[in-house]
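**Student:** Model the following, please.
(4 chains)
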4 protein chains.
Amino acid sequence: MMVTGRSEETSGRIRLGMVGGGNDAFIGGVHRIAARLDDRFQLVAGALSSTPEKSRESGQALGLERVYDDFKQMAIREARLKSGIEAVSIVTPNHVHYAAAREFLKRGIHVICDKPLTATLNDAKKLVKAAENSNALFILTHNYTGYPMVRQAREMVASGQIGNIRVVQVEYAQDWLTEQQDFKQAEWRTDPERSGAGGSTGDIGTHAFNLACFVTGLKAESLAADIQAFVPGRQVDDNAHVLVRFDGGARGMLWCSQVAPGNENALRLRVYGEKGGLEWAQEDPNYLWFTPYGEPKRLITRNGPGAGEAANRISRVPPGHPEGYLEGFANIYGEAAEAILAFRDEKPPEASVVYPTVHDGLEGVRFVAACVQSSARNAAWVKLD
Amino acid sequence: MMVTGRSEETSGRIRLGMVGGGNDAFIGGVHRIAARLDDRFQLVAGALSSTPEKSRESGQALGLERVYDDFKQMAIREARLKSGIEAVSIVTPNHVHYAAAREFLKRGIHVICDKPLTATLNDAKKLVKAAENSNALFILTHNYTGYPMVRQAREMVASGQIGNIRVVQVEYAQDWLTEQQDFKQAEWRTDPERSGAGGSTGDIGTHAFNLACFVTGLKAESLAADIQAFVPGRQVDDNAHVLVRFDGGARGMLWCSQVAPGNENALRLRVYGEKGGLEWAQEDPNYLWFTPYGEPKRLITRNGPGAGEAANRISRVPPGHPEGYLEGFANIYGEAAEAILAFRDEKPPEASVVYPTVHDGLEGVRFVAACVQSSARNAAWVKLD
Amino acid sequence: MMVTGRSEETSGRIRLGMVGGGNDAFIGGVHRIAARLDDRFQLVAGALSSTPEKSRESGQALGLERVYDDFKQMAIREARLKSGIEAVSIVTPNHVHYAAAREFLKRGIHVICDKPLTATLNDAKKLVKAAENSNALFILTHNYTGYPMVRQAREMVASGQIGNIRVVQVEYAQDWLTEQQDFKQAEWRTDPERSGAGGSTGDIGTHAFNLACFVTGLKAESLAADIQAFVPGRQVDDNAHVLVRFDGGARGMLWCSQVAPGNENALRLRVYGEKGGLEWAQEDPNYLWFTPYGEPKRLITRNGPGAGEAANRISRVPPGHPEGYLEGFANIYGEAAEAILAFRDEKPPEASVVYPTVHDGLEGVRFVAACVQSSARNAAWVKLD
Amino acid sequence: MMVTGRSEETSGRIRLGMVGGGNDAFIGGVHRIAARLDDRFQLVAGALSSTPEKSRESGQALGLERVYDDFKQMAIREARLKSGIEAVSIVTPNHVHYAAAREFLKRGIHVICDKPLTATLNDAKKLVKAAENSNALFILTHNYTGYPMVRQAREMVASGQIGNIRVVQVEYAQDWLTEQQDFKQAEWRTDPERSGAGGSTGDIGTHAFNLACFVTGLKAESLAADIQAFVPGRQVDDNAHVLVRFDGGARGMLWCSQVAPGNENALRLRVYGEKGGLEWAQEDPNYLWFTPYGEPKRLITRNGPGAGEAANRISRVPPGHPEGYLEGFANIYGEAAEAILAFRDEKPPEASVVYPTVHDGLEGVRFVAACVQSSARNAAWVKLD
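**Tutor:** A predicted model of the protein is given here:
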C-alpha cells in the first residue's frame, strides 16, 4: 500500500495571517484546516471580523499570536515586523476582497483569496492591476481545481486523450436556498451589496465556469444567459441557464442553481471530444470516468491504476481511501506553499505547480457580469473580454 | 410476490398491419415485439419496404398473411376486407409518415406512428388535420412515456408533491455518430431529405422535449437554441444546446447529442419545484429518485413501496426484476389497445389510459423547426406556437 | 444503431402446452410472455390449475385451443394428436414438477420446467432418470442464465480473462418475507410439503448457486451452511449463510435471504481470479464490471463495446436501451426453441446454444438438501455428490 | 450553509509523542495528519524507527523537538519532563505494540495505538492488564468507527429504528496482494512474526469485525472460518470466509480478501433487522442507505437531512462536500482529545464521546486467533471468549 504523493514538510512553515473568518463564518474555518493539513503554514495573525471587538474575540478563540482591529492595521504592522506574515488569507464577503487584498499586495505580502475575486467587475480589474504591480503572489481558492481527479482530467485533455473538444457540460446544483433563509450565510450571499450582482452565478456559477476552463484549457469567448430569482423577494439570481461558446469551436452549457431540491453540492463536469469523454462529480471526487470512443467506459480512481503524475503528486492516501473537500482545498494551499517557498528562493515554482490566479478571478467576475448583462438583454450573446 | 399491473388479455386480439420495418430496419422489429408482448395485437398484413420486391421478401420472412407492394395498396384493400386490419404501425423513415398515415386515417384505420411525427412542419400540420378529420385514433410512439416510473413522476407532479415547477433539466446523449458512419441507420437519420431538418434534435431531441412536457404537464412557450454539426460533412445537427421557457414561469435546459463518447442512450430528466425534486434516467428506468425538500432522498422502484397506481397498472413483474425498453414500448401499444377496444365499444377509454397524440407530434416537429430557426438567428428566442 | 442479436423467427412456431399457471399464479404469466416475446412458440393447450374447474376457467381466459382437467389427461391426449404440443411448460409449485414432467417425457414431449427441479432429492433423481430415458429435451428455467451479461461473464471466464478462479461471492437477497405473509405466493413457498425442505435456499438460493456454477464453470464439491427461520412460526429457512468449496481450490460464500429489508431481487455475483475480477447484479443486468488486475475497472454494457458474441447473440436492442427480466427469461425459451428446432431436424443444436438441464436441476436440489443437512449438523461440511 | 459539528479548539493543545512512523512508513503519516487536522494535538517527541539512526533522521525531517533512540528511552525521559508528552501514538508493526504501549501506560501517558492490538493473543491479554492497571487512557485507532455515517448507523440501531437485528453482512476486500509483492508495506504485513498469525484477517478482517460489532452493539459469540493463502509461498491468509453467530440470535457473514481484483478498500456493512435495513460503504462514506421495511429506500447524507447528533457532532463541512478517510481518522483523535481533556479535569468525558478501547482490541485479536483455529479444524465453530 505504498503512497505516492505530497510528502509532509514541516520545517520552515510559512507565516500566515487571516482577514475575515470570525466566529460565525463558514469558509474561514475551512481555510484554516486547509492551511494546517499538510503542516506547511502557521497561522499567526488575524483581523477576523468587521468590528474590532468581534475580531479580538475571534482571534483569542483561535489562540492567535497577533490580533488586529482591521485588515489595514494588520497589513501595515505585519509588513514592518521582522517575522511578520508572509501570506494572508482573505475570507471575507466578496465586496471586501479588493480593498483588503490591495493593502497586502502593495506591501509584498502574498494573498490567498477566496472566490469570487470581487463583487464588481470594476473592483476585479483594479485588483488585477494591484496584483500585477506587486511582486507578491496572488492565489485564488477555486478549490475544486485542487481535487486530484480534476487534475487527472486536465492532464488527459492536455495530452490529447479525448481529442479536440466539442462539448462541455458543467453544472453546480444546490438546494439550500429553495426557501427564504435568514441565517448569516444566506444573508450576505443573497445581498448584492456584499455578494455582487450575481447570486448563484457568483457563489457557485463561477466555480463551475472556472472548473470547465481549468480542465479543458479552453477560453470562453461568449455566453448567453437566462437567469432567474425564483424565490419571491430575492434580489439576486438563484438559478441560471447559460450557453457558452469556447475558442476553437467547442460549445457548452452551464447550469447553476440553489433551488434544486435533492442537490447538496452537485458540481459535475462532462467533457466530450473527438476521441473520448470524461465525467467527474464533486460529491464523489475520487472517481473519474473515461471513455475512449468505441471502448468500454473506465473508472480511474485517485492513486489507482490509470491515474497519472498530475493527480498522484497531490494525493495523500491509497486508492479506496477517499479524500474529500478539505484535502482538495488543502491542495490549493499546498500549491501556494510550493510557490511561496520558490519565491523565497527567488526561483519559479516547479512546472507542475498549478493554482488559480487573479486572471482566473477576473474571468469569473466577467462571467457573472456577462450573465447579468445577457439576461437583461433577453439572453443575447455577450462577449467575455 | 404478488404482481399488480396489466393483466394478460388474449381474446379478441386487434388485427394490425405494418408500413416499413423490412429486413434491415431497426425500429420495425421493436414495434413488432412491443405489439406482441402482451398478446393484444396480431400482425396480419404489411407493406414493409420501399420496393415491392423487398416488401414481399420481408413479409414472407415474417410469415404475414397479406403482403402488399406499397402502403396505398394496403390501405385500400384492407379497408375493403371484412376482417381487414383495425390498426397500422407506421415505422418508415420520417418523410414517409404523413403520406402513409393519411391513407389509413381517411379509411378509418387507427394509426400507430413512430416519431418524430413528420420530416417537415408543413407535413405535421397536414397530418394533424388528417387526424382531426378522421374518426380513427392516432397514437405516436414516444415510447419513453411508457416507462412506469415516468408515469410515476408525472403522477407525483400532477398531485402537487413537488410543488410549482421552477427548473426542468432534460438531456438525451448518445455517441454513435461521434465519427462518420455509413450503415443504413446512420444514413437516413443524417439525411435531411428523409429525416427532416433536424438531426439529433429530430431523432432524440424530440424525445427529450416530449418527456419533459409529458412529466411536468407544462407547455413550452419559447426556446433559444445553439445547434451544431460537429462531424465534418454532416448535413444535420449532431448536438444541440437549448434554453426553454415554459408557461407559468418554469425554465429549462435541453441538451441532445450524438457525439458524446460514453453515452449510449442517456436520456435523463430532472424536475425541481418549490417542494421537491425528481430525477429519472432511461438507462436505469426502474428507479425514480424523489427528494421532498428538507428530507432525505428516496428511491422509488417500479412496483415497489412508494409507487402508485399510474405506474403499477403498466407494470408486469415484481420490484427488483427490471423491466426495460421493450416493456416501456409495449406499454404504448397497451394503451393503444385499451383505446382501440374502447373505440370498438364506442366508448371513451378509461381516464387512466394515456398516450402521445398527433398534437404532441406537432409540438415535437415545432420544437425541431424552432431549434433550426433559433440557431440560424444566433440563438434568438423563438415562440413555439 | 445496428442491432446484432437474435433475429425474429416467425414461421414454424413451436406448439406449446402449459401445466400450472392459472389465474392467480405469478410465474405462469412470466413463462407465457417469455415464450411469446420472440414469436417462436404458440401456446395451444393447458392444464392450468389443480382442479378441473379452475383449469378450464383459466384456460378460457387465455383463449387456449385445448384445455384439460389435469396434466396426465393432457399428456395422453396431446401425444395422440397429429398436431399436438411439441413442448410443455411446467410452472406448478415444486412438488408437482416430477409427476408432471414424467408424463410428458415418456411420451416424447419436450419439457420446459420451472426451478427448483423438484421438492425432494428423491424426486430429482427420478426425474433425471426419466429425462435420460426419454429422447425428449428437458430445459430448466434458471432464467438468470439468460441475461446477456451473464453469458458475457461466462465467456470471459472460459477464455481465461480472469485467470484461475480463487474466490466466488454470490448472494440473493429479498425482503418480502420480513414479516409473516398470507397471500398465495408466500403460502406455498413457505410450505415444506409443496416447496421442499428449503425455503429461501430452494426458492432463491438455487438461483444463486446455479448462477455461480454457470458463470465460473466450476463444480461445487462441498458446503457448510448455517440456515435460519427468523420469522416466528415459519417452517422453512428464510435466510442462509453458506461456505462453498469448488473443485480446483476456489472458495465461495453464498448468502440468500428473504428477510433483508431494502432488497428486492438483489442477486449479485462477484468472481475473482488470478488475473482479474468480474461483478454483476441482476437488478442492473445490462452492466458487467470487469477489472483486469492492475488496470482501471471497465464497464461492459450489453451490446456495447467490449461485449462478445455469447452476449450479443441473445441481445435484441441497442446498448443503453435496457433489457430486463422478461428478455432474460425469453432467452431461455429462445435457447429451447433453437434446441427443439434442431431436434426436429434430427441435428444437435449449434454449439452456442446453452440452457440449464435436468442435471443442473439435480445439483440445485442437492444444494438445498446439503444446506439443510449441514445446518442440522451445526454447519459441518457436506459433500455435493 | 451553516456547519454544525466539531468546533476548532486551539488553546491547550495536547502534547503528543509518536513511536514508529518513520520515513518510509504509511500509517504514521496518516496519524500525524489526523492529529493535526483539528489542531488539538501538538507532536513534540518521537522514536520513529527501529534503529536510533533512522529514528533521528525521521525525527529531524519532521522537525520534532525531541527525538529518541527507542520507545523505552522516550517513555522514561518524557515522563520526567514537566512538559513531557501527555499521549503517545504507537504506529509500529503489530508485534511491537504491546511492549511499547506498556512502557507508556505504566508511566501514566495515554496511548493511542494502531490496530490490530497486538500480533498474538497472549500479548493482547497482557496489554489489557497493563491498561487496566494504568490510570492512563488507551485508544485503539479502528478508524472506520470515526466516520460520521458509521456513527449515524450505530445511533439508528441503538434507537431501535431497524428493530432486533437478524442478519449482519460485512466485508473488506482489497486487491493489492493479488500477486506477490516485495515492497515494505507488503513485507511486514505478510510476515507472521511481525503481523501476527492472521494476514488479511488481522490487517483488514479485524476492521470489518470491529465495524460490525460497533454499529450493531452485538457481541459475537462464535465463528466458523475457512481461510486461505492463495498466493503461492504466502505464510499468512490473504482471503477468509467467516460465519458468525451473535448474542441474541443474529447471524453474520464476514469476508475479507486481499486478492480480489477491482477492490481497493471495499469495506462494506449491511445490517438487517425486523424493522429495516442499513447499508454503508467505506469508499463512499458520506452516504448511509436506510430502508424502513415497506417504505422506499432513503439516502441519508453526512450533515444532511436525516442525519442525527451522533454524526453531526463529528462532521466539519456541509452536506455534499465529502469528508474522507483522513477526517474519519481525525475523529478518533478528536474523541481521544475529548477524553484526554476531561481526564485533565479529572472528569469523565461527555457521554457522546466514543472510541475503540483495549477491550475492542482484545476482541479483534481473538477474532484472528479464532479464525486461524477454526480453519485448522476444518471450519469448526470456535467460541469468542
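**Student:** For B:Thr118, see how far away A:Asp226 is.
**Tutor:** 30 Å (Cβ to Cβ, to the nearest Å). Where C-beta positions appear, they are placed from N, C-alpha and C, glycine not excepted.
**Student:** Of these two, give the one with the bigger neighbour count.
**Tutor:** A side-by-side neighbour count of A:Asp226 and B:Thr118, using other Cβ atoms under 10 Å in any protein chain shown, places B:Thr118 first with 28 against 23.
**Student:** quick one: that one from chain C, how far?
**Tutor:** 21 Å (Cβ to the nearest Cβ, to the nearest Å).
**Student:** show me where the stretch 201-350 of chain A has strands.
**Tutor:** A:220-228, A:239-246, A:251-257, A:266-273, A:276-281, A:287-292, A:297-301 (DSSP state E, counting those that start in this stretch).
**Student:** so what strands line up beside the second one?
**Tutor:** Using DSSP bridges, the strands paired with strand A:239-246 are strand A:220-228 (antiparallel), strand A:251-257 (antiparallel).
**Student:** now the strands of the stretch 201-350 of chain A in JSON lines, with mean pLDDT?
**Tutor:** As requested, the strands of the stretch 201-350 of chain A are arranged in JSON lines below (pLDDT from 0 to 100):
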{"stretch": "strand A:220-228", "mean pLDDT": "98"}
{"stretch": "strand A:239-246", "mean pLDDT": "98"}
{"stretch": "strand A:251-257", "mean pLDDT": "98"}
{"stretch": "strand A:266-273", "mean pLDDT": "98"}
{"stretch": "strand A:276-281", "mean pLDDT": "98"}
{"stretch": "strand A:287-292", "mean pLDDT": "98"}
{"stretch": "strand A:297-301", "mean pLDDT": "98"}
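**Student:** if we can go back for a sec, dump the strands paired with strand A:239-246 to CSV, plus distance to C:Gly12.
**Tutor:** Listed next are these as CSV, based on distance: least, Cβ to Cβ, whole Å:
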stretch, distance to C:Gly12
strand A:220-228, 60
strand A:251-257, 53
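**Student:** Can you tell me which of those strands is most buried?
**Tutor:** Using mean count of other Cβ atoms under 10 Å in any protein chain shown, the stretch among the strands paired with strand A:239-246 with the largest mean neighbour count is strand A:251-257, at a mean of 26.
**Student:** now the angle from it to strand A:266-273?
**Tutor:** 180 degrees (axes from the mean of the first three to the mean of the last three Cα atoms, to 10 degrees).
**Student:** Could you give the separation of strand A:251-257 from the chain centroid?
**Tutor:** Mean-position distance between strand A:251-257 and its chain equals 18 Å (Cα atoms, centre = their mean, to the nearest Å).
**Student:** Which residues outside that strand are in contact with it?
**Tutor:** Applying Cβ atoms under 8 Å, 6 or more residues apart in numbering or on different chains, the contact partners of strand A:251-257 are A:166-174, A:200-201, A:204-205, A:208-209, A:212, A:220, A:223, A:238-246, A:263, B:167, B:169, B:226, B:228, B:239, B:241, B:253, B:255, B:272.
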